[in-house]
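Asks: Give the three-dimensional model of this entry:
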Amino acid sequence: MSIKYSDEEISRLILECKKLPKNYKNLISLKRKRGHKERELDVPGTDGNQFRMIFRQSNFNLLDFSIILALVPSDSNLLFRLRRYNGKSHEHTNPIERTSFYDFHIHYATERYQDIGGREDVYAEPTDRFTDFQTALQCFLTDCGFEEPFSPQLPLFPEG
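Replies: Here you go, the predicted structure:
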């Protein structure tokens, strides 16, 4: 069973508000596996969609990481990868454009790559917006409609 979304639907899904739980930082703390660390967290969207955040980082190369936003369609056991933030650990080539680069990059789900039977998120663009896992995570949260839980600011100087 294949899943297909238009560019308009993909944009709407990415921008859908996703409320992070209060303890989300603990929930995305990476756990060691063979050769890498990883973690997944399911987050509901305010329009009723279910999303999965997927985090992976190599134990050996700090620039080898991936932060993924995937849709979990309600009528399928497949994931649809909407965005993927990758480290500077490999060369990437966009098959349609025949462009290659070796840099930090962001993968985008596109209708045209789905149309040729490729992975929905194979298209990518280099970026200078992040330089490591933590700064990529901040870009990811900002770009993909995540709302962090409110935490009141403590006063700089205690009263009294």
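
Asks: tell me which residues in stretch 19-37 are buried?
Replies: Residues of stretch 19-37 classed as buried: 20, 24, 28, 36, 37 (neighbour count, 16 or more other C-beta atoms under 10 Å). C-beta here means a position set from N, CA and C on the backbone, and glycine is covered the same way.

Asks: pLDDT of it, averaged?
Replies: In this model, stretch 19-37 has an average pLDDT of 86.

Asks: how far out from the middle of the chain is it?
Replies: Offset of stretch 19-37 from its chain centre (C-alpha atoms, centre = their mean, to the nearest Å): 13 Å.

Asks: which residues are contacting that stretch?
Replies: If you take C-beta atoms under 8 Å, 6 or more residues apart in numbering as the criterion, stretch 19-37 is touched by 38-39, 41, 43-44, 46, 53, 55-60, 64, 141, 146-149.

Asks: repeat that with 6 Å
Replies: 39, 41, 55, 56, 57, 58, 59, 146, 147, 148, 149 (C-beta atoms under 6 Å, 6 or more residues apart in numbering).

Asks: Give me the phi and psi for the second one.
Replies: Main-chain dihedrals, residue 41, degrees, to the nearest 10: phi -140, psi 130.

Asks: For this protein, which segments are assigned as strands?
Replies: Assigned by DSSP state E, the chain shows strands spanning 18-19, 31-32, 36-44, 50-58, 65-71, 80-86, 92-94, 99-101, 105-108, 123-126, 146-147.

Asks: buried ones in the third one?
Replies: For strand 36-44, the neighbour count (16+ other C-beta under 10 Å) marks 36, 37, 43 as buried.

Asks: what's the closest of these to residue 84?
Replies: The nearest member of these to residue 84, counting by C-beta to C-beta, is residue 36 at 15.4 Å.

Asks: tally of neighbours for residue 72?
Replies: Residue neighbour count, defined by other C-beta atoms under 10 Å, stands at 16 for residue 72.

Asks: correct me, but it touches residue 49?
Replies: No: using C-beta atoms under 6 Å, residue 72 is not in contact with residue 49, being 8.0 Å away.

Asks: quick one, what contacts the residue nearest to the spatial centre of the chain?
Replies: What sits nearest the mean C-alpha location of the chain, by C-alpha atoms, centre = their mean, is residue 68, with 2.9 Å. Listed by C-beta under 6 Å, 6+ apart, the contact partners of residue 68 are 54, 81, 84.

Asks: and if you look at residue 94?
Replies: residue 123.
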